[in-house]
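Participant: Pasted the sequence and its predicted model underneath.
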Amino acid sequence: MNANRQHIFLPWTVQEQEDPVLEFVRGDGVYFYDRQDKCYLDFLSQLFNCNLGHGNHRVIEAIRNQAEQACCISPQLLTEERSLLSKELIQLVPGDLDKCLYVNSGSEANELAFIMARMMTGRPKIFAKYRSYHGTTYGTLGTAGDPRRIAVEPGPPGCVRFFDPYCYRCDFKLEFPDCCIHCLDALETQIQLENPATVAAIVVEPVTGAAGGFPLPEGYLKRLRAICDKYGILLIADEVITGFGRTGKWFGVNHENVIPDILVLAKGLTSGYIPMGAIVVRSHMSQYFESRMLPIGGTYAGNPIATAAARACLKAYQEEDCVNNAQKMGALLLKKLGELKECHPCIGDVRGQGLLTCVELVRDRVSKLPLIESSNSASLARLIRRQAWENGLHFLARGNLILIAPPLVVNTDQISEGIQKLDHVLTWLDSTLKQQ
Ligand SMILES: Cc1ncc(COP(=O)(O)O)c(C=O)c1O
């Protein structure tokens, strides 16, 4: 066992299979370095969060200044920074989303979003997609459909799962756009069968992250919004990954001009520099809670250092033109991944939006036979990740998926560098598969 991990649990892994563990020492822009000073291109923004890249001076300075002024302030007190951050966020988010609640992570944000939705509607059920991940608490892990839910099966009362618009492997064996998004018709039927008067909210990620790596097809969110309106169901957009420019617009919902009732934010809010999440609700919800007890919150909500980091991040995203860059670099990345597909038979599908992209691996492109049959089988994915590290590249390999999400400040040369390194990894994979 690597002595340095002796007293630490590593998340989402079989501990003993992880050695040797990459030991991060320092980061610089889109690169980071290990204990042997080997350089890695961070094609995952650590875990979809380091949107500004490593060592952003503006954010570090804001953290330092705030730490000198005050590190600990009760969440029940107002500070100028908390008020300003809320005002700035409200200016960025769409429609009449007008009030923020601060938390410390995406999991906590979704957890509280589910609670608020249940309180507001008086209904018990939360609908989530089968291929979704909304966090690691009992309420979020158990509600989402990702296989990691096995840890808390059968999950919290009221969780209901529905089929995804996973077009590459459509559960209904249909093709977009000829299908007219049939999976939404199926969802509506399911809502009727469940009794709409028991459904508090439907939660979706505008682009599914680690649980599937696919964007919602065009038109999906708009129609989902209409279904929610028809039955008085709240729409929760989990933008923990997609928020703050990741998809080439400020928020994933902006692509369809949809206003969710609850917008769930974390990761990019502080570019991962300090833990922070937030939920932002529409005016009908903020009005509802204006005269009623809000029985939720946390000691560290709106921590001053996190608040300062978030404000600095918002400024940096704007001044460094990150959202436009994500859109341009995302288009380039997707094009180059498409070119890789031409050369590597192990690539079944390439998809994404902005700088949130996914390569789905197969054993046979025609039959779409998955590379790994069970999504719980981690060994080949681990070998792929190791091979990437060998090549100085960091991405997420999970099941049949390679997820690539570089910092929003990535440039064309760095995209080319990452693609070249990925090319080497896939060449290794193609030859490994041939030998099996
Ligand atoms: C879509 C989505 N929602 C929620 C979460 C949970 O966020 P956190 O890890 O900050 O608790 C994640 C984490 O990856 C996520 O990808």
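Facilitator: Nice, I can see it.
Participant: Quick check: the residue in the stretch 201-350 of the chain that the ligand sits nearest to vs W389, distance?
Facilitator: Relative to the ligand, the nearest point of the stretch 201-350 of the chain is V240 (3.5 Å; CB to the nearest ligand atom). All C-beta spots, glycine's among them, are computed from the backbone N, C-alpha and C. V240 is 25 Å from W389, where distance means CB to CB, to the nearest Å.
Participant: again, but for S132
Facilitator: Counting by CB to CB, the separation of S132 from W389 is 28 Å.
Participant: Please apply the same query to I181.
Facilitator: Distance of I181 to W389, given as CB to CB: 39 Å.
Participant: More neighbours: which of those two?
Facilitator: Legend: neighbour count by other CB atoms under 10 Å for I181 and W389, higher for I181 (21 against 17).
Participant: what's near enough to touch the more buried one?
Facilitator: The contact partners of I181, taken as CB atoms under 8 Å, 6 or more residues apart in numbering, are 165, 217, 219-220, 223.
Participant: can you put those in a markdown table and add pLDDT and neighbour count?
Facilitator: Formatted as a markdown table, these follow (pLDDT from 0 to 100; neighbours: other CB atoms under 10 Å):
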| residue | pLDDT | neighbour count |
| --- | --- | --- |
| P165 | 98 | 26 |
| P217 | 98 | 16 |
| G219 | 98 | 15 |
| Y220 | 98 | 20 |
| R223 | 98 | 17 |
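Participant: and of those residues, the nearest to Q327?
Facilitator: Nearest to Q327 out of the contacts of I181 is P217 (CB to CB; 18.8 Å).
Participant: does that closest one sit in a helix or strand, and which one?
Facilitator: Remark: P217 resides in no helix or strand, with elements defined by DSSP states H and E.
Participant: which helix of the chain spans the most residues?
Facilitator: Longest helix in the chain, counting residues (DSSP state H): helix 412-435.
Participant: my guess is R26 is in a strand, correct?
Facilitator: Yes: assigned with DSSP: H, G, I helix; E, B strand; the rest coil, R26 falls within a strand.
Participant: Run through the bridge partners of it.
Facilitator: Following DSSP bridges, R26 is listed with bridge partners Y33.
Participant: helix, strand or coil for the spatially closest residue to I402 that is not a sequence neighbour?
Facilitator: Spatial nearest neighbour of I402, chain neighbours left out: V359 (4.3 Å); criterion: CB to CB, 6 or more residues apart in numbering. Here V359 takes the strand state, with states given by three-state DSSP.
Participant: Quick check on the closest residue to S105 other than its chain neighbours: phi, psi?
Facilitator: Residue nearest to S105 in three dimensions, not counting chain neighbours: G277, with 5.1 Å by CB to CB, 6+ apart. Note on G277: its backbone torsions stand at phi -140, psi 170 [degrees, to the nearest 10].
Participant: and what of L41?
Facilitator: Note on L41: its backbone torsions stand at phi -80, psi 120 [degrees, to the nearest 10].
Participant: how many neighbours does it have?
Facilitator: Residues lying near L41 (other CB under 10 Å) number 24.
Participant: and what of E239?
Facilitator: When neighbours are counted by other CB under 10 Å, E239 registers 31.
Participant: ok now do it, which residues does it touch?
Facilitator: 205-206, 251-253, 263-265.
Participant: okay, those residues in a markdown table with neighbour count next?
Facilitator: Output for these, formatted as a markdown table (neighbours: other CB atoms under 10 Å):
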| residue | neighbour count |
| --- | --- |
| E205 | 29 |
| P206 | 27 |
| F251 | 25 |
| G252 | 29 |
| V253 | 28 |
| L263 | 28 |
| V264 | 30 |
| L265 | 28 |
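Participant: how much space between the residue in the stretch 101-250 of the chain that the ligand sits nearest to and P20?
Facilitator: Going by CB to the nearest ligand atom, the ligand is nearest to G106 of the stretch 101-250 of the chain, at 2.3 Å. According to CB to CB, G106 and P20 sit 29 Å apart.
Participant: Wait, Y317 touches N51, no?
Facilitator: Yes: using CB atoms under 8 Å, Y317 is in contact with N51, at 7.4 Å.
Participant: what does this structure put close to the ligand?
Facilitator: By the rule CB under 6 Å from any ligand atom, the part of the chain lying against the ligand is 105-107, 110, 133-136, 205, 209, 238, 240-241, 266.
Participant: Next up, the contacts around A186.
Facilitator: Listed by CB under 8 Å, 6+ apart, the contact partners of A186 are 162-163, 172.
Participant: where does this structure have low pLDDT?
Facilitator: When residues are selected by pLDDT under 70, those of the chain lie in 374-378.
Participant: Please report phi then psi for H284.
Facilitator: Per degrees, to the nearest 10, the backbone of H284 is at phi -60, psi -30.
Participant: same thing with the one 5 residues further on?
Facilitator: Its backbone dihedrals place F289 at phi -90, psi -10, with angles given as degrees, to the nearest 10.
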